[in-house]
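> Quick one, fold the following:
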Amino acid sequence: TGVVPFMALLLLQRRPVAGRALLVTGSSCPGHGLCRSNVQEQTRRQVALLNATAQDLFSLYLKCQGEPFSSESDKLCNPSGIFFPDFRVNRTSERKEVMVAMYKLFAFLNASLGNITRDQEELNPTAKELLDRLHNTTKTTRGLISNLTCLLCKNYNIFQVDVRYGESSKDKSAFRKKQQGCQVLRKYVQVIGQAARVLLPHLSPS
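I've put the predicted structure just below:
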């Protein structure tokens, strides 16, 4: 385990590291001057978009996996046995705590989407709509991570956060790849709604 700089996190996919944020003093925060003037509003829109499209992505994923996933999703896609970042903040939590929790969540999700997309390109190469949705969701998530990085640096001078990633599906069977994907996406649907409810008030114009 250890502290991973933001820029390195954007490149890592599945390295398992623990979850802890470090407050760093000084003026060495990378990317501080790269924040756009509308970064807060853009972050709001990205979270709202991910929340609005999560259920459709999960439903389309199930449809493309075929049986038994289409008819036994409650059993096969139960996410209780997989790692997913704890999300214990709420609307009364400090804004800094919320932003760090969001970063951990979406850094994990970005890596997981990379796994799922790779597997689906192998297992369902002709499922164009699903692959397009996965790519678009990944693009939005990466943009969100960039904006959260800017906000954490600019507002709190935090530029290092430990993130723990999920298990790679690379060497698993086709069935297990499909199952892990649907477990992650099911959990994502559950968590993104909560994340939007918690984060959006913290990003409201002051």
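> can you map out the strands along the protein?
For the chain, applying DSSP state E gives strands covering 21-22, 160-161.
> which stretches of this protein have low pLDDT?
For the chain, residues meeting the criterion pLDDT under 70 lie at 1-34, 204-206.
> please redo it, this time with the cut-off set to 50
Across the chain, the stretches falling below the confidence threshold (pLDDT under 50) are 1-26.
> mind listing the helices in it by residue range?
Along the chain, the stretches classed as helices by DSSP state H are 6-9, 39-65, 73-76, 95-123, 128-156, 174-202.
> Out of these, flag the one nearest I82.
helix 174-202 (4.9 Å; C-beta to C-beta). Using the backbone N, CA and C atoms, a C-beta is placed for each residue, glycine as well.
> What residues of that closest one count as buried?
Residues 177-189, 191-192, 195-196, 198-199, 202 are the ones in helix 174-202 that count as buried (16 or more other C-beta atoms under 10 Å).
> quick check: angle from it to helix 39-65?
With axes from the mean of the first three to the mean of the last three C-alpha atoms, to 10 degrees as the basis, helix 174-202 and helix 39-65 are set at 160 degrees to each other.
> what packs against helix 174-202?
Packing contacts for helix 174-202, counted by 3 or more C-beta pairs under 8 Å, 6 or more residues apart in numbering; DSSP states H and E, involve helix 39-65, helix 73-76, helix 95-123.
> Present these as JSON lines; the columns should include distance to R88 and mean neighbour count.
Putting the helices and strands packed on helix 174-202 into JSON lines (distance: least, C-beta to C-beta, whole Å; neighbours: other C-beta atoms under 10 Å) gives the following:
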{"stretch": "helix 39-65", "distance to R88": "18", "mean neighbour count": "18"}
{"stretch": "helix 73-76", "distance to R88": "25", "mean neighbour count": "13"}
{"stretch": "helix 95-123", "distance to R88": "7", "mean neighbour count": "21"}
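> Looks like Q55 contacts Y188 (just checking).
No. With contacts defined as C-beta atoms under 8 Å, Q55 does not count as touching Y188, sitting 9.7 Å away.
> Can you give me the distance of the nearest residue to L144 once chain neighbours are set aside to L200?
The shortest distance from L144 to any residue other than its chain neighbours is 4.3 Å, reached at Q46 (C-beta to C-beta, 6 or more residues apart in numbering). For Q46, the distance to L200 equals 11 Å [C-beta to C-beta, to the nearest Å].
> Kindly report the same for L134.
Taking C-beta to C-beta as the measure, L134 falls 24 Å from L200.
> cool, and T137?
T137 is 18 Å from L200, where distance means C-beta to C-beta.
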